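>>> model the following, please.
(one chain, ligands or ions: 1)
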Amino acid sequence: MDAQRVKSAGRIRFEHVVKRYGDQTVVDDLSFVVEPGEFFSLLGPSGSGKTTTLMMLAGFALPDGGCISLDSTDISFMTPQQRNLGMVFQNYALFPHMSVLDNVMFPLKVRNFDRRGARERAQWAIDLVRLTPFARRLPKELSGGQQQRVALARAVVFHPKVVLMDEPLGALDKNLRYQMQMEIKALQRKLEMTVVFVTHDQEEAMNMSDRIAIMNNGRIEQIGAPRDVYETPRNVFAAGFLGEANILPYAGLPPDHRERIGMRDGDNLFIRPERVVLSPAHEVPTPSHAEHGLSGQVETISFLGHTIRYQVAIGDGLKIYADTSNLADACAFEVGDPVSIGWKRHADARIIQHG
Ligand code: ADP
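Okay, the predicted model is just below:
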């Protein structure tokens, strides 16, 4: 494969794309660009329009407005075949009566490759996903993870510039899922493909993506590198959807506290649980644990393995979560203990709005 050609190809552009079903607008004026070779995830709750967006990119649904282009060609109304994109879905969609080899050869046959050429290419793809010893088996003779690797081989065998994946790991258990995430990522880098990946699993999106678009009601709430979206969410939705978040409304906080930090009515104070520091009540906080004037009482303690999560009541029905690593020397509290609440750095807490 000509790496230079592949590197410069596979740029996707959505411009003001709209999709309606009846009177429901499920994709609402969507604009974004995916760069060649980028791993781009659409992350959002069920019904937010992720699959519809992917289906419009694949050519299985047509937009009611706007334009979708691939490397400056308008593909909005092309057939799926004309677009020539690779695809992997959750249910694998393997042909049950065909061997692994025949499944992987199938896209080449429909593209009129001669049998020998198709066989060589298919074997290359099967090697790539480490299924060489299984080439003669039927899909039902493989594990879930192996079946998913067949689907991957079939998606990349014809060297598409872009591969679309819709919840491809949804049927796998947690450990296998993580292993497959790493494999897909390695394959994407090796082949320098553009991948557009749909998931509702935030950890999966963070682990795999160069950039994540957080979708809600057919719109993108925020787009950015996982760490940027995690550290500096644009609004309450993005903060709450990616990772665990404490989001404390203006009305619930003590007046002197919210004035001191410059909050206004309608604002929320956002802080990740791992940045919250608890100290015994009335203890003078160490300088790194800047005093923020909040105090409360430990209500529950959850043992989550690597993490211990304290839920602290801070009055008015408001709670704050504080996560600590499960280290032998970590400061421990009991249920009912009064605590002072601070955070590691001033910048760890941010003021964010709903919109
Ligand atoms: P997600 O992938 O984020 O779960 P979808 O794109 O599947 O969201 O769906 C977005 C909205 O569009 C949902 O409310 C869904 O019911 C609706 N929808 C999707 N496909 C169709 C269809 N073919 N006909 C009617 N409504 C649809």
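>>> any idea where the helices of the stretch 101-250 of the chain begin and end?
Here the stretch 101-250 of the chain has its helices, by DSSP state H, counting those that start in this stretch, at 115-128, 144-156, 174-191, 202-208, 226-231, 236-241.
>>> okay, those in TSV with mean pLDDT next?
Below are the helices of the stretch 101-250 of the chain laid out as TSV (pLDDT from 0 to 100):
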stretch	mean pLDDT
helix 115-128	95
helix 144-156	93
helix 174-191	92
helix 202-208	95
helix 226-231	96
helix 236-241	94
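>>> buried stuff in stretch 135-143?
135, 138-139, 142 (16 or more other Cβ atoms under 10 Å). For every residue, glycine as well, the C-beta is placed using N, CA and C.
>>> got TSV for those, with pLDDT too?
Shown next, in TSV, are the buried residues of stretch 135-143 (pLDDT from 0 to 100):
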residue	pLDDT
Ala135	97
Leu138	97
Pro139	94
Leu142	95
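>>> list just the nearest of these to the ligand.
Nearest to the ligand, judged by Cβ to the nearest ligand atom, of those is Pro139 at 25.2 Å.
>>> can you tell me the closest non-neighbouring residue to the closest one?
Leu94 (4.3 Å; Cβ to Cβ, 6 or more residues apart in numbering).
>>> close to the ligand: what parts of the stretch 1-150 of the chain are there?
21, 26, 44, 46-52 (Cβ under 6 Å from any ligand atom).
>>> from the centroid of this structure, which residue is nearest?
In the chain, the centroid-proximal residue (Cα atoms, centre = their mean) is Ala205; its distance is 2.2 Å.
>>> so among the residues of the stretch 1-150 of the chain next to the ligand, which ones count as buried?
The neighbour count (16+ other Cβ under 10 Å) marks 26, 44, 48-52 as buried among these.
>>> which non-adjacent residue is nearest Phe134?
Nearest residue to Phe134 in three dimensions, chain neighbours excluded: Val100, at 5.6 Å (Cβ to Cβ, 6+ apart).
>>> which residues touch Cys67?
Contact partners of Cys67, counting by Cβ atoms under 8 Å, 6 or more residues apart in numbering, are 13-17, 74, 76.
>>> what's the answer for His200, then?
43-46, 50, 167.
>>> test of understanding: give the bridge partners of Ala213.
Under DSSP bridges, the beta-bridge partners of Ala213 are Leu42, Ile223.
>>> that one contacts Ile223, doesn't it?
Yes. Using Cβ atoms under 8 Å, Ala213 makes contact with Ile223 at a distance of 4.5 Å.
>>> those two - which one has more neighbours?
Ala213 (25 against 19; other Cβ atoms under 10 Å).
>>> contact partners for that one?
Ala213 makes contact with 32, 40-43, 220, 222-223 under the criterion Cβ under 8 Å, 6+ apart.
>>> ok, those residues vs the ligand, which is closest?
Nearest to the ligand among the contacts of Ala213, with distances taken as Cβ to the nearest ligand atom, is Leu42, at 7.7 Å.
>>> just give me the neighbour total for the closest one.
Neighbours of Leu42 (other Cβ under 10 Å): 27.
>>> that one contacts Leu54, doesn't it?
Yes. Using Cβ under 8 Å, Leu42 makes contact with Leu54 at a distance of 6.9 Å.
>>> give me the common contacts of those two.
Contacts common to Leu42 and Leu54, judged by Cβ under 8 Å, 6+ apart, are 196, 198.
>>> rewinding a little: please report how far the residue nearest to the centre of the chain lies from Leu42.
Plainly put, Ala205 is 9 Å away from Leu42 if you go by Cβ to Cβ, to the nearest Å.
>>> give me the common contacts of these two.
The contact lists of Ala205 and Leu42 share 197, 199, where a contact means Cβ under 8 Å, 6+ apart.
>>> switch the residues of the stretch 1-150 of the chain next to the ligand over to a markdown table, and while doing so, append secondary structure and pLDDT to every line.
Compiled in a markdown table, those are given as follows (DSSP: H, G, I helix; E, B strand; the rest coil; pLDDT from 0 to 100):
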| residue | secondary structure | pLDDT |
| --- | --- | --- |
| Tyr21 | strand | 97 |
| Val26 | strand | 98 |
| Gly44 | coil | 95 |
| Ser46 | coil | 94 |
| Gly47 | coil | 95 |
| Ser48 | coil | 97 |
| Gly49 | coil | 97 |
| Lys50 | helix | 97 |
| Thr51 | helix | 96 |
| Thr52 | helix | 97 |
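>>> among these, which pair sits farthest apart?
Between any two of these, the greatest separation by Cβ to Cβ is 17.1 Å, found for Tyr21 and Gly44.
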